[in-house]
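S.K.: quick one, structure for this:
(chains A, B, C, D, E and F)
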4 protein chains.
Amino acid sequence: MINIISIDLKNPKPIFEQVKDGFKNLIICGVLSSEEKIPSVREMAQELAINPNTIQKAYRELEAEGYVYQVVGKGTFVAPVVPLENQARIDELILEIEDLARELIYLGVAKPDIISILDKL
Amino acid sequence: MINIISIDLKNPKPIFEQVKDGFKNLIICGVLSSEEKIPSVREMAQELAINPNTIQKAYRELEAEGYVYQVVGKGTFVAPVVPLENQARIDELILEIEDLARELIYLGVAKPDIISILDKL
Amino acid sequence: MINIISIDLKNPKPIFEQVKDGFKNLIICGVLSSEEKIPSVREMAQELAINPNTIQKAYRELEAEGYVYQVVGKGTFVAPVVPLENQARIDELILEIEDLARELIYLGVAKPDIISILDKL
Amino acid sequence: MINIISIDLKNPKPIFEQVKDGFKNLIICGVLSSEEKIPSVREMAQELAINPNTIQKAYRELEAEGYVYQVVGKGTFVAPVVPLENQARIDELILEIEDLARELIYLGVAKPDIISILDKL
DNA sequence: GTGGTCTAGACCACG
DNA sequence: GTGGTCTAGACCACA
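M.R.: Numbers count the residues shown, from 1 in each chain, chains lettered A, B, ... in the order given. Purely as a prediction, here's the structure:
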């Protein structure tokens, strides 16, 4: 369970964001499943040798985005998914994915190649 | 030609990045075509009521990323595209697009729906 | 560690470039080694009696060229070398070195003399 | 005789410097030989579609560096070489060539490879 | 008039 | 305390 998140201090991306995205990926890929407990702030902080405030911030944002929920005195748990609930987030993602795809096309990548990449997921 | 870029000062995204992304989109979508002159640093600065240094930073980054080139004494111009030149950027974009697509799927969007969005571009 | 870079305000070369080249030389000659911390932007600015923005520009370019990496809140560090990674830069350097050598030969310096200079490095 | 110099307006190098370096190369490579007349400022300006002042500046610098000499009313001519005369310039070139070679070595190019490049000149 | 450099000084995010 | 962004305003090289 531990060592599942990796942090790169050289990465310009803020550490709290690396932690957040790390958990998001684990949840999205199914490594962490609904209602599963994730490590406490202290455990993660010690494990990654990082300031607990930084982990705290990552957990807070994960909760705000609906990926986990915190129970005082119990810990933090993966939230169940409610398909198509967060339409605002879906719209945002679609806009982003369109932008990226357009840039790829501009850079010379053929549209079928892009689609085949997504098809393999 | 003017008023083509809009800036939102409340947006947490840095101003120079909003300017940069604005021009990138215009170039990618073909609104600005190769060798076309874009407004001078001072013109944009006045138009957007923003410090010239901020515009200059945006233009420099656009140049570094190959979207425009600057000629001292002449102005800034849209650079011609060299297909598949920037493989590093392409790889990066593909990783991002995969992440976004995975998140969309997790949120309940069906894969064919995602693909049809890209197909319409 | 301090006083390792010297700036000549009369030199037509921009200050930020003098700073950049100074650090590049220190890194290339091994005075600064991989992962070593270099002075903060503010320290260098005070030490050289130069505006922090100018130092920051030098550091940013050093980062863009792969000589250092910056970690917000931590400082700036010498980047590890990845041999033969930057082929574009290598090609550029070879062209320049060829031009210089040709000029030396034109000025009457014998080719073996030039080679012996390089051999001593 | 004409069309021997090519100018790239996109090149960040100033145009007058491109003209200067262009002639320098032609002289060094022997395409232009001692006492040969080079085109007048006006001819070059028209040929390259460039401001005559810019050509003027290039010619002035070429003269200052000893590559050509100007005769009022006659034109501009390639100067004869006096081997090993300009020791200051030679020393400068050697310093530059050492710097470039050190950077190449740092980037992972083997010293024999650099020497073989020079040997082929 | 164009972009390039530099200064002085402010505020912010991150850890 | 670190780097990142932004402003206001100055001077310079190039064409």
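S.K.: hey, let's count contacts and neighbours off CA atoms from now on
M.R.: Noted.
S.K.: contact partners for the closest residue to DNA strand F within chain A?
M.R.: Going by CA to the nearest atom of the strand, DNA strand F is nearest to A:Pro12 of chain A, at 7.6 Å. Listed by CA atoms under 8 Å, 6 or more residues apart in numbering or on different chains, the contact set of A:Pro12 reads C:Gln70, C:Val71, C:Val72.
S.K.: relative to C:Ile28, how far out is the second one?
M.R.: According to CA to CA, to the nearest Å, C:Val71 stands 21 Å off from C:Ile28.
S.K.: between those two, which one's more packed in?
M.R.: C:Ile28 (20 against 14; other CA atoms under 10 Å in any protein chain shown).
S.K.: distance of that one from B:Phe23?
M.R.: The spacing between C:Ile28 and B:Phe23, counted by CA to CA, is 37 Å.
S.K.: cool, A:Asn25 as well?
M.R.: 31 Å.
S.K.: kindly report the same for A:Gly73.
M.R.: The gap separating A:Gly73 from B:Phe23 is 50 Å, by CA to CA.
S.K.: quick one: which of the two has more around it?
M.R.: The neighbour comparison of A:Gly73 against B:Phe23 (other CA under 10 Å) goes to B:Phe23, with 23 against 6.
S.K.: which non-adjacent residue is nearest the residue of chain A positioned farthest from its centre?
M.R.: For chain A, the residue at maximal distance from the C-alpha centroid (CA atoms, centre = their mean) is A:Gly108, at 29.4 Å. Distances taken as CA to CA, 6 or more residues apart in numbering or on different chains place B:Pro83 nearest to A:Gly108, at 4.4 Å, with adjacent residues excluded.
S.K.: got the contact list for that neighbour?
M.R.: B:Pro83 makes contact with A:Tyr106, A:Leu107, A:Gly108, A:Val109, according to CA under 8 Å, 6+ apart.
S.K.: secondary structure class of it, three-state.
M.R.: What DSSP: H, G, I helix; E, B strand; the rest coil gives for B:Pro83 is coil.
S.K.: okay, now the domains of chain A?
M.R.: Chain A breaks down by automatic domain parsing into domains covering A:15-78, A:87-119.
S.K.: quick one: those as CSV, columns for mean pLDDT too.
M.R.: Converted to CSV, those look like this (pLDDT from 0 to 100):
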stretch, mean pLDDT
domain A:15-78, 94
domain A:87-119, 94
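S.K.: quick one: closest of the ones you listed to C:Glu36.
M.R.: Nearest of the domains of chain A to C:Glu36, taken as CA to CA: domain A:15-78 at 20.1 Å.
S.K.: spatially central residue for chain A, please.
M.R.: Note: chain A centre (CA atoms, centre = their mean) maps to A:Lys24, 2.2 Å.
S.K.: skip the chain neighbours and tell me the closest residue to that residue.
M.R.: Among residues not flanking A:Lys24 along the chain, A:Tyr67 sits closest, at 7.1 Å (CA to CA, 6+ apart).
S.K.: any idea how far A:Gly30 lies from A:Pro12?
M.R.: Between A:Gly30 and A:Pro12 the computed distance is 27 Å (CA to CA).
S.K.: can you list the buried residues in the biggest helix by length in chain A?
M.R.: Assignment by DSSP state H gives helix A:87-106 as the longest helix of chain A. Within helix A:87-106, the residues scored as buried using 16 or more other CA atoms under 10 Å in any protein chain shown are A:90, A:93-94, A:97-106.
S.K.: what does stretch A:26-39 give?
M.R.: For stretch A:26-39, by 16+ other CA under 10 Å, it's A:Ile27, A:Ile28, A:Leu32, A:Ser33, A:Lys37, A:Ile38.
S.K.: and for stretch A:42-55?
M.R.: Using 16+ other CA under 10 Å as the test for burial, stretch A:42-55 gives A:Met44, A:Ala45, A:Leu48, A:Pro52, A:Thr54, A:Ile55.
S.K.: so which of these are in helices?
M.R.: Within those, residues falling in helices by DSSP H are A:Met44, A:Ala45, A:Leu48, A:Pro52, A:Thr54, A:Ile55.
S.K.: between those residues, which sits nearest C:Arg60?
M.R.: Distance ranking of these against C:Arg60, using CA to CA, places A:Thr54 first at 25.6 Å.
S.K.: nearest residue to that closest one in space, please, no chain neighbours.
M.R.: Using CA to CA, 6+ apart, the closest residue to A:Thr54 is A:Phe16 (5.2 Å).
S.K.: equivalent analysis for A:Lys57, please.
M.R.: A:Phe16 (6.3 Å).
S.K.: next one: A:Met44
M.R.: Nearest residue to A:Met44, sequence neighbours excluded (CA to CA, 6+ apart): A:Ile55, at 7.1 Å.
S.K.: gap between that neighbour and A:Asn25?
M.R.: Here the criterion is CA to CA. By it, A:Ile55 lies 16 Å from A:Asn25.
S.K.: same deal with A:Ile38?
M.R.: For A:Ile38, the distance to A:Asn25 equals 13 Å [CA to CA].
S.K.: part of a strand, is A:Gly30?
M.R.: No. Looking at A:Gly30 with three-state DSSP, it is coil, so not inside a strand.
S.K.: phi, psi for it please.
M.R.: Here is the backbone geometry of A:Gly30 (degrees, to the nearest 10): phi 90, psi 0.
S.K.: picking that back up, so which of the buried residues of stretch A:42-55 is the closest to chain C?
M.R.: The nearest member of the buried residues of stretch A:42-55 to chain C, counting by CA to the nearest CA, is A:Thr54 at 12.7 Å.
S.K.: contacts for stretch A:40-60?
M.R.: With CA under 8 Å, 6+ apart, stretch A:40-60 has contacts from A:Ile2, A:Asn3, A:Ser6, A:Ile7, A:Ile15, A:Phe16, A:Glu17, A:Val19, A:Lys20, A:Val68, A:Gly75, A:Thr76.
S.K.: any idea which of those has the most stuff around it?
M.R.: For those, neighbours were counted using other CA under 10 Å, and A:Val68 has the most, 25 neighbours in all.
S.K.: my read: that one touches A:Glu61, true?
M.R.: No. Under the criterion of CA atoms under 8 Å, A:Val68 is not in contact with A:Glu61, lying 9.2 Å apart.
S.K.: get me the contact residues on chain A for DNA strand E.
M.R.: Counting by CA under 7 Å from any atom of the strand, chain A comes close to DNA strand E at A:Pro14, A:Ile15, A:Phe16, A:Ile50, A:Asn51, A:Thr54.
S.K.: for the second one, which residues are in contact?
M.R.: Contacts for A:Ile15 (CA under 8 Å, 6+ apart) come out as A:Ile7, A:Asp8, A:Leu9, A:Thr54.
S.K.: one more time with 10 Å
M.R.: Applying CA atoms under 10 Å, 6 or more residues apart in numbering or on different chains to A:Ile15 gives the contacts A:Ile7, A:Asp8, A:Leu9, A:Asp21, A:Ile50, A:Asn51, A:Thr54, A:Ile55, A:Lys57, A:Ala58.
S.K.: sounds good, over and out.
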